[in-house]
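Peer 1: Pasting the sequence and the predicted coordinates here, then a few questions.
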Amino acid sequence: MPFLSSKGRKPRSARRARKPMQDNWQKIPRGRWLKCTYEKCGHEWQYFGGRKWAECPACHSIVKVAVAQRNYYRSS
Ligand SMILES: [Zn+2]
C-alpha cells in the first residue's frame, strides 16, 4: 500500500484531509524526567503532571519543569 510507506511524511494536504484521529489508541503516559534544581538535592524523578511547576519528592522544593528537565538532560 503506497500510503503506508515509511519514507518521509505525507504531503500536508493529505494529512489535513484525514478524518478525525481515531481515539481508541492507547494513551501512553508521557512522563518527563526532571532533576531537582536544588543543588544539595539533585533528585531525579519522572513527572506526569502537565503543569509548569513540579514539587521535588525528595526535598519538596518547587522547581520549574522546563528548568528541571534541562537540568536532567544536561547532567545525564
Ligand atoms: Zn529536590
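Peer 2: Received, thanks.
Peer 1: ok, and the closest non-adjacent residue to Ala68?
Peer 2: Leu34 (3.8 Å; C-beta to C-beta, 6 or more residues apart in numbering). Heads up, the C-betas are built off the backbone N, CA and C, glycines and all.
Peer 1: List the strands paired with the host helix or strand of that neighbour, with their directions.
Peer 2: Assigned by DSSP states H and E, Leu34 falls within strand 32-35. If you go by DSSP bridges, strand 32-35 pairs up with strand 44-47 (antiparallel).
Peer 1: Okay, buried residues for the strand it pairs with please.
Peer 2: Within strand 44-47, the residues that qualify as buried by neighbour count (16 or more other C-beta atoms under 10 Å) are 44-45, 47.
Peer 1: residue contacts, the residue nearest to Ala68?
Peer 2: By C-beta atoms under 8 Å, 6 or more residues apart in numbering, Leu34 lies in contact with 44-47, 54, 56, 63, 65, 68-69, 71-72.
Peer 1: Against Asn24, how distant is Trp45?
Peer 2: 31 Å (C-beta to C-beta, to the nearest Å).
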